[in-house]
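# Quick one: sequence plus predicted model below, questions after.
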Amino acid sequence: MSDIATRPAPNLLASPLVKFGLLLAAIVVALAAGIWLDSSNTLYAIFVDPFRQMAQAPDLLVQTIWEGLVSGVLYALIALGFVLIFKASGVFNFAQGIMVVFAALTLVGLYEKGVPAFLAVIITLGVMFALAVAIERVVLRPLVNQPDIILFMATFGITYFLIGFGEALFGGNPKQMIADQLYLPKGAIDLQILGGLVSLQKIDIAAAVIASLMIAALAAFFQYTRIGRALRAVADSHKAALSVGISLNQIWVIVWFTAGIVALITGIMWGARSDVSFALEIVALKALPVLILGGFTSIPGAIVGGLIIGIGEKLGEFYWGPLVGGGIESWLAYFIALGFLLFRPQGLFGDKIIERI
Amino acid sequence: MKTSKLMKAAGLGALLAATAIVAPGYAQDSVYFANNAYRTGPFSGSGIPIGDGMRDYITMINERDGGVNGVKVIYEECETGYDTKKSIECYEQAKAKNTIVYSPWSTGATLAAIPRAHVDKIPILSMAYGLSASADGTNFPWVFIPPFTYWDGASVMVKHMAAELGGLDKLKGKKLGLIHLDAPFGKEPIPVLENLAKKYGFELKLYPVAAADMQNQGSLWLSIRRDRPDFLYNQGWGAMNPTAVKEAAKNNFPMNKFVGVWWAGGDDDARAGGEQAKGYSSLSWTLAGTEAPAMQDILKFVVDKGKSTTPKEKVGEALYNRGVYNAMLVVEGVRNAQKLTGKKVIDAQDMRRGLESLNLTEARLKEIGLGGFVTPTTISCTDHSGHSKMFVSEWDGTKWTKKADWVEPMKDEVRPLIESNAKDYVEKAGNWPKRSESCEKSS
Amino acid sequence: MLYREAGQYKSTYAADMGVFPLREDRIGIAVILAIALVAIPFFGSDFFIASVMIPFLVFSLAAIGLNILTGYTGLISLGTAAFMGVGAYSCYKLTTLFPGVNIIVLILLSGLFSAGIGVLFGLPSLRIKGFYLAVATLAAQFFLQWAFVRVPWLFNYNASGAIEVPQRTLFDIPLTGASATPETRYFVCLGLVVVLTWFASNLVHGKLGRSWMAVRDMDIAAELMGIKLLNAKLMAFAVSSYFAGVAGAMMIFLWYGGGEAADVFSIRLSFSILFMVIIGGLGSLIGSFFGAAFLSVLPTALKFGLPALGVPIGGAAAEHVTFMLVGALIITFLIVEPHGLARLWQIGKQKLRTWPFPY
């Protein structure tokens, strides 16, 4: 064990509170000086004007936050799939994005081939189950006990395979999600508030509700069922779980299947908002900052992280983006996450990283 | 174990060797035409109908006429997935196989191929995409960009705004928003729109969409709601378009003020918006549908005979017909080159001459069976684009229809810009090969 | 039989610690160099050199760079493509500002800019570890890629937003630009890769390399042993980004020959280079070459080789098969040998030593 008392001096700065206080003080002083000296109005444009805009058009602010909330929920859904698998099998599952696409494509593809919508959902679930079994058999079982990075690499192999397989089966052209057939609502609710119009899409409301239900169901499943207890045991320690007679293989199939269900729901929701195509895979990358923000091992972390990232990036893009020509949404999320990470290296809700020598 | 490893090694070796000797091997009475296609990847939604249209038209020519004057056109697709790296491989392969013309089908691939083509002496046919400045035939003898450039498109967009408002003088104080893919392709129209904004006194607002956020445009449309532009021009591609149309519908943006560049005018793009997408417009130069005699021949000789993988209901979609137009340019180029050289089997150098003197008049189009359905265009040795007419087409909920009459682009605005940019490009490249090719008279 | 070390005595410590202690290894490397220098340019077709060998060399260099960071120092980075991009754009800026300076010098210099940016984005590595750091480097990836599109100064205000590679010569032989032959470009690439690999090999076998490996194995322990983490980690970022930057400049100037550069240096490239490193073997220079060969040459070979062998697939179907095959091969290789192709190579060599009498 490293003896803290013998370590050299920099520990005054190690306390997060002191750091944060110093940082805040520095920012306030710099700002005050800056705005006072500001000649070209840059600082005004960065620090004052956006808030003035918010106050002037509160309806747009509400709308922006709502948009952020909805995309946050969707990011959280993708992140949830990552977290489930990371918790139970320690695999950083790069394939979650393509699983979203694959699930949605299977659903739409089956419907196009004449299968009734709800039967197609059931068959798709079956396909996702078969996929989970196959991944466990072919990939995870032979690779058990390998370093994280090797398993990470293996999920990249799965991604490649699923891209080829999915396109060979269903073709690469974008398809429309069968939202009507699944009785998903459409249209919008327009609210007259704060002297303006705030329009809430019904599909977005449905997405938020379904995602919340999903998360609640998962929480209950983890908390109250026998399998859920076993899952938590595996997440705590593989060896201990094995020694009390929990089958790791079975648990892995269940976890990957659960991630498959989450992927299907994400696919339906995101597909209904835009379209089902292989470009959706890129959207899944947005789940990564959510993950580091929330912590890889925490389900509440995925949700809170999703909401912070969703709202943060929409507010940032909308109010600050125009200052630099827009399009900052593509990286803002990572910087938000990085900012949080400098204070909590394990994410907001992640397990504390303990290192021993 | 050991033998299996040996076998594997031998197999890999053979593969590598085979890769090393990609070589031509075709019959005497045929010409080889390599086309980049992307039936896979995020942009396949736009790539598939285009590839289908090109393949079917060329199959039709081979089936109906036995080729161009008896010379079969061997059409081969090289899959790029809209990836520049793979496009470059495809270029090298096309070169090794002696293609008569290279068809890059992406702005990135075109930009990478332009310098090579001038050394390798392979004509590039980038139909209404690619580098706008390459319409200058004096500096870019090997690049063809018919029937017009993105800059022509942007000028027609301004003309369309004026027509809707009732005159160019009414543009003053209006706002035009440009939604564009945040990449060279998306940024192409900006210089022309900026010039015109200054000239006519309207305001230009830019809304860039990063490739990673193609299907995640929420905040962009909030900005549009805040800025309230009077018109929107969409320079988008692939999965970005259906998302934009859906978002426009969601945000109650008036659809008749929302105009896409021709590549944002696919059937799948508009269909995504459902009922509300009615009125979404796009620039175009090919009428959708299968009424044209040539299209009927495609149905008769290719699709109905089961010689195509295209589903019958997709024949005649907007992007499919553009593919047909591109294939028609290739076929007519070959025909013209045969006439000029007197040879039957032409090579890439002859093809360049054929394309440079291509004159597709209304009468000639009628003979081909496309008269009245596509824009006539004339290429000359200085003007490699033609700056031909286009029209605004409108989505009626099920198909694209012609909304307004054919419009000429503002050639006097576009041409000087093309020439100055071409000069700039050539200067920066340093030691750019001077045009040594003689000039063909238009036939 | 052929590969025997009997009779080769080492009389100095230096000889014992040599990179190639066996005569057979030295002969082997000479043979490989001879093939690369003579056989490939003479017998390879233009297509083979331009579409297989040059990409292979460029990716090898990038993979060596990332291997220094990930394999030797244990810091995962997903921003390699962005650092390559920095190299490419700085090379472009340099050659337009100083057209008189030889392009090879500029390619080597442009790596320095990339190293600087790399250090900047490497700073969080002092606090963040593992996959958290990997995702943090994505900030670099997305931010820099955005900057490549949005800062017009970087591409000299070209209307097309693309980099145009001007013609640059050495002794009147064009090295870059369209009239440079594939063979010339190949030789330049080969020279750069050989020199830089030699440099990397010396680095990782020296003091710096040892401190990197100590940090990789346990950074707290390394710190207790007196290795300055700040220096070691930031040096790793600097050297790694330098290699990536040179590879990026090579990629645009010697391989692509200009074009839509911002799009090239995308997250996909970052991922594929990381996977080259993993599949080749973490912490192995020769593994970087194997990994680059596997992930860059194999898809090309499948796509163009299979039709040439007479397997009747083409177009989209070939692409699907390629994707599925590469995916399946990655998984197979990981199961057969999780330590990468470099370990397979070592096992093979070990077997050769005792062949044909293993006991």
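Good, I have the coordinates.
# For the residue in the stretch 201-350 of chain A that chain B sits nearest to, give its distance to residue A:80.
When scored by C-beta to the nearest C-beta, the stretch 201-350 of chain A has residue A:279 as its residue closest to chain B, at 3.5 Å. C-beta: built from backbone N, CA, C; applies to glycine. For residue A:279, the distance to residue A:80 (C-beta to C-beta, to the nearest Å) stands at 21 Å.
# Have a look at these two and say which one is more surrounded.
Counted by other C-beta atoms under 10 Å in any protein chain shown, residue A:279 and residue A:80 do not tie: residue A:80 has more neighbours, with 29 against 26.
# Quickly find the element holding the more buried one.
Residue A:80 belongs to helix A:58-89 when assigned by DSSP states H and E.
# buried sites along that helix?
A:59-89 (16 or more other C-beta atoms under 10 Å in any protein chain shown).
# now do stretch C:106-116
Neighbour-count burial for stretch C:106-116 [16+ other C-beta under 10 Å]: C:106-111, C:113-115.
# Just give me the closest of the residues you listed to residue A:251.
Nearest to residue A:251 out of the buried residues of stretch C:106-116 is residue C:114 (C-beta to C-beta; 44.3 Å).
# ok, now which ones touch that closest one?
Residue C:114 makes contacts with C:83-84, C:86-87, C:90, C:241-242, C:244-246, C:248, as judged by C-beta atoms under 8 Å, 6 or more residues apart in numbering or on different chains.
# doesn't it fall inside a helix?
Yes - counting by DSSP: H, G, I helix; E, B strand; the rest coil, residue C:114 is part of a helix.
# And the pLDDT at it?
Residue C:114 is assigned 92 on the pLDDT scale.
# For the nearest residue to it once chain neighbours are set aside, list the residues it contacts.
Nearest residue to residue C:114 in three dimensions, chain neighbours excluded: residue C:245, at 2.5 Å (C-beta to C-beta, 6 or more residues apart in numbering or on different chains). Residues near residue C:245 by C-beta under 8 Å, 6+ apart: C:83-84, C:86-88, C:90, C:110-115, C:118.
# so residue C:245 is in which element?
helix C:229-250.
# Run through who's touching the helix or strand just after that helix.
Next along the chain after helix C:229-250, taking DSSP H and E as the criterion, comes helix C:261-264. Residues external to helix C:261-264 that are found in contact with it (C-beta under 8 Å, 6+ apart): B:84-85, B:108, B:183-184, B:211, C:81, C:85, C:88-89, C:145, C:148-149, C:155, C:161-163, C:251-252, C:256.
# tell me the SS of the closest residue to chain B within the stretch 101-250 of chain C?
Relative to chain B, the nearest point of the stretch 101-250 of chain C is residue C:178 (3.5 Å; C-beta to the nearest C-beta). Three-state call for residue C:178 (three-state DSSP): coil.
# Quick one: neighbours of the nearest residue to it once chain neighbours are set aside, just the number.
Distance criterion C-beta to C-beta, 6+ apart; nearest residue to residue C:178, sequence neighbours excluded, is residue B:115 at 3.5 Å. The number of residues packed around residue B:115, counting by other C-beta under 10 Å, is 24.
# So which other helices or strands are in contact with the helix or strand in which residue B:115 is found?
Per DSSP H and E, residue B:115 falls inside helix B:107-120. Other helices and strands packing on helix B:107-120, by 3 or more C-beta pairs under 8 Å, 6 or more residues apart in numbering or on different chains; DSSP states H and E, are helix B:84-96, strand B:124-125, strand B:143-144, helix B:184-187.
# Recalculate using a threshold of 7 Å.
Helices and strands touching helix B:107-120, as assessed by 3 or more C-beta pairs under 7 Å, 6 or more residues apart in numbering or on different chains; DSSP states H and E, comprise helix B:84-96, strand B:124-125, helix B:184-187.
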